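1. just need the structure, nothing else, for what follows:
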Amino acid sequence: MTEVIAFNWLELFSIAVIHFFAVASPGPDFAVVLKQSMQQGRAAAISTSIGIGTGILLHVTYSLIGIGLIIKTTPWLLNILLYLAAAYLAWIGISALKSQPHGQAKLSAVPVPQKSLIKSFMIGFITNGLNPKATLFFLSVFTVAISSETLLSHKIIYGLYMAVATAAWFIFLSVVITHRKVRAFYELNGYIFDRIMGVVLIIMALFLVVTS
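-> Residues are numbered from 1 along each chain as shown. Take a look at the predicted model:
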């Protein structure tokens, strides 16, 4: 008779705590959601947040099937991922630096086209998917925080939880940041914020390269 292994709620709680501190710490995901919230509006920011949550599933998948370990033990693969992430963040940052003081749109009052929502989703997905820090985080979680005796089905549940929790966190931030008063301030001073965020993103890109 097959022994039924009970779901380990304590293990899930431990993972939830570790994940919360990781996702709440400032990083590329936060910077991109902040930029999308202020520059593109709530709908685009929420779409970006969902993209980030979906990107988590990418990390979970390769961690479960062992590819994450290959990436960690193959320096040149990790370096390629790191440089791609840095280049992508720098590209977004440079684009933000080009923001002009005239022609700021009232984005809060204009529906966002479906094509823009898809683009926003991909921004979140690529930002998270290329984040080497996320790669190392999930590799650590699945090799250290989670017992080797944990069933694959339970590991999948943990991964789905982290994906949903990540998306929920950034959706919450998107709603808070796009509050009417915050948006009103942005519509007057948006180009300044865009340029500041551009500098921040470029610094993050350089930081990734320097600390590699």
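
2. stretch 158-171 - what's its average pLDDT?
-> Averaged across stretch 158-171, pLDDT comes to 94.

3. identify the residues contacting it?
-> For stretch 158-171, contacts defined as Cβ atoms under 8 Å, 6 or more residues apart in numbering pick out 11-12, 15-16, 19-20, 23-24, 29-30, 33, 45-46, 48-50, 52-54, 56-57, 60-61, 63-64, 124, 128, 141, 146. For the C-beta atoms, the positions are set from N, CA and C on the backbone; glycine is no exception.

4. starting at the chain centroid, how far to it?
-> On the basis of Cα atoms, centre = their mean, to the nearest Å, stretch 158-171 is displaced by 10 Å from the centre of the chain it belongs to.

5. list the buried ones in it?
-> Of the residues in stretch 158-171, those buried by neighbour count under the rule 16 or more other Cβ atoms under 10 Å are 158, 159, 161, 162, 163, 165, 166, 167, 169, 170, 171.

6. measure the second one to residue 82 for me?
-> In this case it means residue 159. The gap separating residue 159 from residue 82 is 23 Å, by Cβ to Cβ, to the nearest Å.

7. dump the helix or strand containing residue 124 to CSV, keeping only the CA atoms.
-> Counting by DSSP states H and E, the element that carries residue 124 is helix 114-129. Backbone C-alpha positions of helix 114-129 (Å, rounded to 0.1, in the frame of the first residue of the first chain) are rendered in CSV as follows:
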residue,chain,number,x,y,z
GLN,A,114,-4.7,45.6,-26.0
LYS,A,115,-1.4,45.6,-27.9
SER,A,116,0.1,47.9,-25.3
LEU,A,117,-1.1,45.5,-22.5
ILE,A,118,0.6,42.6,-24.2
LYS,A,119,3.8,44.7,-24.6
SER,A,120,3.6,45.6,-20.9
PHE,A,121,3.2,42.0,-20.0
MET,A,122,6.3,41.1,-22.0
ILE,A,123,8.3,43.8,-20.3
GLY,A,124,7.5,42.2,-16.9
PHE,A,125,8.1,38.7,-18.1
ILE,A,126,11.4,39.5,-19.7
THR,A,127,12.6,41.6,-16.8
ASN,A,128,12.0,38.8,-14.3
GLY,A,129,12.9,36.0,-16.6
